[in-house]
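Novice: below are the sequence and a predicted model; questions follow.
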Amino acid sequence: MLVVIGLLLIVVGIQLRRGKWYGIVAGNTFKDKPIEVQKKGAIGASSIAFLVGGFLIIVYILMFFGIQTRFLIIPVVVIVIVYSMFAIYKYLKHFIKYGK
(Lines give C-alpha, C1' and ligand atoms only; values in the text may rest on other atoms or scores of the structure.)
Protein backbone atom coordinates (compact mmCIF):
# COMPACT_ATOMS: atom_id res chain seq x y z
CA MET A 1 0.00 0.00 0.00
CA LEU A 2 2.88 2.38 0.73
CA VAL A 3 4.28 1.90 -2.77
CA VAL A 4 0.90 2.43 -4.43
CA ILE A 5 0.21 5.65 -2.54
CA GLY A 6 3.81 6.82 -3.04
CA LEU A 7 3.67 6.23 -6.78
CA LEU A 8 0.25 7.88 -6.98
CA LEU A 9 1.61 10.98 -5.24
CA ILE A 10 4.59 11.08 -7.60
CA VAL A 11 2.25 10.86 -10.61
CA VAL A 12 0.14 13.69 -9.15
CA GLY A 13 3.32 15.75 -8.64
CA ILE A 14 4.39 15.16 -12.24
CA GLN A 15 0.97 16.16 -13.56
CA LEU A 16 0.96 19.33 -11.45
CA ARG A 17 4.44 20.25 -12.72
CA ARG A 18 3.21 19.74 -16.29
CA GLY A 19 0.41 22.23 -15.68
CA LYS A 20 -2.39 19.68 -15.47
CA TRP A 21 -4.79 18.77 -12.68
CA TYR A 22 -4.92 22.22 -11.04
CA GLY A 23 -8.39 21.34 -9.77
CA ILE A 24 -7.07 18.88 -7.17
CA VAL A 25 -5.11 21.53 -5.26
CA ALA A 26 -6.93 22.21 -1.97
CA GLY A 27 -8.59 25.61 -1.86
CA ASN A 28 -8.34 25.94 -5.61
CA THR A 29 -9.51 29.41 -6.61
CA PHE A 30 -7.18 29.55 -9.59
CA LYS A 31 -9.87 29.96 -12.25
CA ASP A 32 -9.97 33.71 -11.77
CA LYS A 33 -6.21 34.13 -11.26
CA PRO A 34 -3.47 34.70 -13.86
CA ILE A 35 -1.56 31.69 -15.20
CA GLU A 36 1.57 32.65 -13.19
CA VAL A 37 -0.34 32.28 -9.92
CA GLN A 38 -1.72 28.94 -11.07
CA LYS A 39 1.75 27.66 -11.93
CA LYS A 40 3.19 28.84 -8.62
CA GLY A 41 0.46 27.07 -6.63
CA ALA A 42 0.83 23.89 -8.65
CA ILE A 43 4.62 23.86 -8.23
CA GLY A 44 4.25 24.19 -4.46
CA ALA A 45 1.71 21.37 -4.33
CA SER A 46 3.84 19.17 -6.61
CA SER A 47 6.87 19.64 -4.38
CA ILE A 48 4.90 18.36 -1.40
CA ALA A 49 3.54 15.44 -3.45
CA PHE A 50 7.07 14.46 -4.54
CA LEU A 51 8.38 14.72 -0.99
CA VAL A 52 5.64 12.61 0.59
CA GLY A 53 5.61 10.07 -2.27
CA GLY A 54 9.37 9.63 -2.10
CA PHE A 55 9.26 9.30 1.68
CA LEU A 56 6.61 6.55 1.48
CA ILE A 57 8.65 4.61 -1.06
CA ILE A 58 11.80 4.95 1.08
CA VAL A 59 9.91 3.70 4.14
CA TYR A 60 8.65 0.70 2.14
CA ILE A 61 12.16 -0.14 0.91
CA LEU A 62 13.55 0.08 4.45
CA MET A 63 10.75 -2.11 5.79
CA PHE A 64 11.26 -4.61 2.95
CA PHE A 65 14.90 -5.09 3.98
CA GLY A 66 13.96 -5.34 7.67
CA ILE A 67 15.47 -2.02 8.70
CA GLN A 68 13.67 -0.27 11.55
CA THR A 69 11.96 2.91 10.41
CA ARG A 70 11.45 4.36 13.88
CA PHE A 71 14.59 6.48 13.51
CA LEU A 72 12.87 8.44 10.71
CA ILE A 73 10.00 9.71 12.83
CA ILE A 74 11.80 12.54 14.68
CA PRO A 75 13.62 14.07 11.68
CA VAL A 76 10.50 13.92 9.53
CA VAL A 77 8.30 15.47 12.20
CA VAL A 78 10.86 18.25 12.77
CA ILE A 79 11.11 18.94 9.03
CA VAL A 80 7.33 19.01 8.64
CA ILE A 81 6.89 21.35 11.61
CA VAL A 82 9.61 23.74 10.42
CA TYR A 83 8.25 23.75 6.86
CA SER A 84 4.70 24.32 8.13
CA MET A 85 5.78 27.23 10.31
CA PHE A 86 7.68 28.78 7.39
CA ALA A 87 4.68 28.36 5.06
CA ILE A 88 2.31 29.93 7.61
CA TYR A 89 4.72 32.84 8.17
CA LYS A 90 5.07 33.41 4.43
CA TYR A 91 1.30 33.30 3.91
CA LEU A 92 0.59 35.69 6.79
CA LYS A 93 3.26 38.10 5.57
CA HIS A 94 1.72 38.09 2.10
CA PHE A 95 -1.79 38.48 3.55
CA ILE A 96 -0.80 41.44 5.69
CA LYS A 97 1.00 43.13 2.81
CA TYR A 98 -1.61 42.59 0.07
CA GLY A 99 -4.78 41.81 2.01
CA LYS A 100 -5.58 38.66 0.04
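Specialist: Sure, I can see it.

Novice: and residue 96, how far is that from residue 90?
Specialist: The gap separating residue 96 from residue 90 is 11 Å, by C-beta to C-beta, to the nearest Å. Quick note: C-beta positions are derived from backbone N, CA and C, even for glycine.

Novice: same question but for residue 57, I mixed them up
Specialist: For residue 57 relative to residue 90 (C-beta to C-beta), the value is 28 Å.

Novice: do residue 77 as well
Specialist: Per C-beta to C-beta, residue 77 is found 20 Å from residue 90.

Novice: with adjacent residues omitted, what lies nearest to residue 59?
Specialist: Nearest residue to residue 59 in three dimensions, chain neighbours excluded: residue 69, at 5.3 Å (C-beta to C-beta, 6 or more residues apart in numbering).

Novice: for the protein, which segments count as strands?
Specialist: Applying DSSP state E to the chain gives no strands.

Novice: show me the shaky parts of the protein.
Specialist: In the predicted model of the chain, residues 23-35, 37, 100 satisfy pLDDT under 70.
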